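Chemist: From the sequence below, what's the structure:
(2 chains)
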Amino acid sequence: MAVAAVDPSSTDITPLIHHPVLWAAAVGVFAVIILQSVIYFRAIRKAAPAVSLTPAQVRSSVRSGAVAAIGPSLAVALIAVSLLPLFGTPAVLARIGLVGSAAFDVAAAGISAGTQGAQLGGPTYTQKIFALAFAAMTIGGLAWMLSALILTPILSKGDAKLRKVNPAVMAVVPTAALLGAFFTLTFTEVVKSPAHLVSMIVSAAAMGACLLLAHRLRRPWLREWGLGLAIIVALAAAFFMTAA
Amino acid sequence: MSTTTSSDTSAGLAAFDRTTSIWGPITLGLGLVVSLGAALYAAFGSGMGITGLELVTAVAAVLATFGVIAIIEPISYFPILGRSAMYQAFLIGNIANKLLPAAVVAQANLGERPGTRRAELIAGSAIIGAVLIHITTLILFVGVLGTWLVGMLPAPLIATARGYILPAVFGAVVLQSVVAMKSRRTTIVAVVVAALIVFVVVPLVPALTFYATALAVITTIAISWFARSKTPPPAADPAHDGDSPAAHISKPTH
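Modeler: I've put the predicted structure just below:
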């Protein structure tokens, strides 16, 4: 198939989601992360003796980190694959896979599509809506980077002091913000159609089962895989419901 | 421990601090510039006819919802990660589900508590290990095999995935958030506020549709703040009225 032309109102988003510039950005993000890891690894190896860490202990820490990351990484890959039809490979690699997270980026994309009165994935999901959603979720994600860049030096100076000011703020505000946002986003989806409602309920039920079994059977990996499995089960339910 | 350790320690750590305080911000800043470039290209360079106002409106709606979390998260993770690892974590992302567990497991393996200089280097090493695995799995399963996997699926299945991915993600995420936050009071406030806004306010005032989530976030924060339990359970020690679990991590008690 020849590459379709770029057309803001086309619902075939393929030409845009696989655009060379987006691929270049994804490769760039990977390169920056690898560069940082190399610089840090050399610095850590040099400084290790100063805190009585042996080279073997540094290697073992790298290995523990790697082993601990296997489950979550595969779980993230599963989520990423399920989002490919919506956002395409470069955006999914750079946003859901690396810098961002599935929960934030999917929510941000949905919110920004909403400002145009459009929905992700449906007949209103045009190339223009994808471009806007991608730009907005990326710039929204930059807020984390920017606040880490600004706050880290400040916190290194006055960490303990800042926490003393008002620990209740730290306890209440993030919890309330997170729960308020996700309940609203969930309810907004539920009113769209019965199939949306069923997908949501099945997803929550599958996640609940994973969390319960993880706790009862002492299988922590079930918690890591919860989101990936819940998405698959919920999409299967939506598929059978709309096919029937 | 020999008598020379003290000066060796400070010299070794000073070199480490110099490297990370220069290259940490540079690499994180580079990641920011690359991402921003991609976003601006998608909005303005791809011929989609997106106006500046449309982009600002979309970004404002996202920031109104999540901006406060973007400020709170770096503050919350700082005591566990330490300065140098902050620049790693906020470049790589997936902090709560992957980097923090990796750092904590490695620290536990070497019997180190978060908050010390030793723990900081261990966390940095563990994050490097996590990055190796993460990048490998992403390139292999998403970059190389992902398109093929999706290509194998029949079109109706792809259409379902595109159309119903949001409720499929949010159902699980909302439940996971409720369980992880362990805050019954705030959960009830959030459910009631969200339900009122989605089922009552928005149908009555459709102009508020774009701002529904931001409105819910602000209202939930405000009500949760005033309805919070004002008698903290560890009131047994009035001298430590400012202690939070995070403060315990950063400053080990005896």
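Chemist: drop to CA atoms for contacts and neighbour counts, all remaining ones
Modeler: Noted.
Chemist: Which helix runs longest in chain A?
Modeler: When chain A is parsed with DSSP state H, its longest helix is helix A:127-165.
Chemist: Identify each buried residue in whatever helix or strand comes next after that one, please.
Modeler: Moving toward the C-terminus from helix A:127-165, the next helix or strand (DSSP states H and E) is helix A:167-190. Residues A:167-168, A:170-190 are the ones in helix A:167-190 that count as buried (16 or more other C-alpha atoms under 10 Å in any protein chain shown).
Chemist: These also near chain B: which ones?
Modeler: Restricting the buried residues of helix A:167-190 to those near chain B by C-alpha under 8 Å from any C-alpha of the partner chain leaves A:167, A:170, A:172-190.
Chemist: low-scoring stretches of the chain, by residue?
Modeler: Just so you know, I chose chain A. Residue ranges of chain A with pLDDT under 70: A:1-5, A:158-170.
Chemist: I was thinking of chain B, sorry if that wasn't clear
Modeler: B:1-8, B:97, B:114, B:231-254.
Chemist: Scan it for its longest helix.
Modeler: Longest helix in chain B, counting by DSSP H: helix B:52-92.
Chemist: contacting residues for the most centrally placed residue in chain A?
Modeler: Geometric centre of chain A, nearest residue: A:Ser101, 1.4 Å, by C-alpha atoms, centre = their mean. By C-alpha atoms under 8 Å, 6 or more residues apart in numbering or on different chains, the contact list for A:Ser101 reads A:Arg95, B:Gly93, B:Asn94.
Chemist: quick check, the longest helix of chain A touching chain B?
Modeler: Yes. Using C-alpha under 8 Å from any C-alpha, helix A:127-165 reaches chain B at A:127-128, A:131-140, A:142-149, A:151-153, A:155-156, A:159-160, A:163-165.
Chemist: got the angle for that helix vs helix A:167-190?
Modeler: 160 degrees (axes from the mean of the first three to the mean of the last three C-alpha atoms, to 10 degrees).
Chemist: tilt between helix A:127-165 and helix B:52-92?
Modeler: For helix A:127-165 against helix B:52-92, the angle by the same axes, to 10 degrees is 60 degrees.
Chemist: Can you name every helix or strand that helix A:127-165 contacts?
Modeler: Applying 3 or more C-alpha pairs under 8 Å, 6 or more residues apart in numbering or on different chains; DSSP states H and E, we find helix A:127-165 packed against helix A:14-17, helix A:102-114, helix B:5-40, helix B:52-92, helix B:245-250.
Chemist: where does A:Arg219 fall, phi/psi-wise?
Modeler: phi -120, psi 90 (degrees, to the nearest 10).
Chemist: What sits closest to it if chain neighbours are left out?
Modeler: A:Leu213 (7.2 Å; C-alpha to C-alpha, 6 or more residues apart in numbering or on different chains).
Chemist: Can you report how many residues lie near the one you found?
Modeler: A:Leu213: 15 surrounding residues under other C-alpha atoms under 10 Å in any protein chain shown.
Chemist: I would like the residues contacting the helix or strand it falls within, please.
Modeler: Secondary structure assignment for A:Leu213, by DSSP H and E: helix A:194-216. Residues outside helix A:194-216 that contact it (C-alpha under 8 Å, 6+ apart): A:186, A:189-191, A:219-223, A:225-227, A:229-231, A:233-235, A:237-238, A:241-242, B:164, B:167-176.
Chemist: From the residues you listed, which land in strands?
Modeler: Judged by DSSP state E, strands contain none of the contacts of helix A:194-216.
Chemist: Excluding chain neighbours, what is closest to A:Ser147?
Modeler: Using C-alpha to C-alpha, 6+ apart and skipping the chain neighbours, the partner closest in space to A:Ser147 is B:Ile71 (5.8 Å).
Chemist: Can you name every helix or strand that the helix or strand containing A:Pro72 contacts?
Modeler: Assigned by DSSP H and E, A:Pro72 belongs to helix A:55-87. Under the contact criterion of 3+ C-alpha pairs under 8 Å, 6+ apart, helix A:55-87 touches helix A:220-243, helix B:100-109, helix B:117-137, helix B:146-152, helix B:155-181.
Chemist: among those helices, which is nearest A:Gly122?
Modeler: helix B:155-181 (5.6 Å; C-alpha to C-alpha).
Chemist: relative to helix A:167-190, how tilted is that closest one?
Modeler: Computed with the same axes, to 10 degrees, the direction of helix B:155-181 lies at 150 degrees from that of helix A:167-190.
Chemist: Remind me what helix B:155-181 packs against, helices and strands.
Modeler: helix A:55-87, helix A:102-114, helix A:167-190, helix A:194-216, helix A:220-243.
Chemist: Give the next helix or strand downstream of that helix.
Modeler: According to DSSP H and E, the helix or strand after helix B:155-181 is helix B:184-196.
Chemist: Which of the contacts of A:Ser101 has the largest number of neighbours?
Modeler: That'd be A:Arg95 among those, by other C-alpha under 10 Å, with 28 neighbours.
Chemist: Contact partners for it?
Modeler: A:Ser101, A:Ala102, A:Asp105, A:Thr138.
Chemist: And these, which is closest to B:Ala123?
Modeler: Distance to B:Ala123, by C-alpha to C-alpha, is smallest for A:Ser101 among the contacts of A:Arg95, at 20.6 Å.
Chemist: Alpha carbons of stretch B:183-191, in PDB - could you do that?
Modeler: The C-alpha trace of stretch B:183-191 is given here as PDB (Å, rounded to 0.1, in the frame of the first residue of the first chain):
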ATOM      1  CA  SER B 183      -7.700   6.300  51.900                       C
ATOM      2  CA  ARG B 184     -11.400   5.500  52.400                       C
ATOM      3  CA  ARG B 185     -12.400   9.100  53.100                       C
ATOM      4  CA  THR B 186     -10.800  10.600  50.000                       C
ATOM      5  CA  THR B 187     -12.100   7.700  47.800                       C
ATOM      6  CA  ILE B 188     -15.700   8.400  48.900                       C
ATOM      7  CA  VAL B 189     -15.200  12.100  48.300                       C
ATOM      8  CA  ALA B 190     -13.700  11.400  44.800                       C
ATOM      9  CA  VAL B 191     -16.600   9.000  43.800                       C
END
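Chemist: quick one, the longest helix of chain B and helix B:5-40 angle?
Modeler: 150 degrees.
Chemist: Understood, closing this out.
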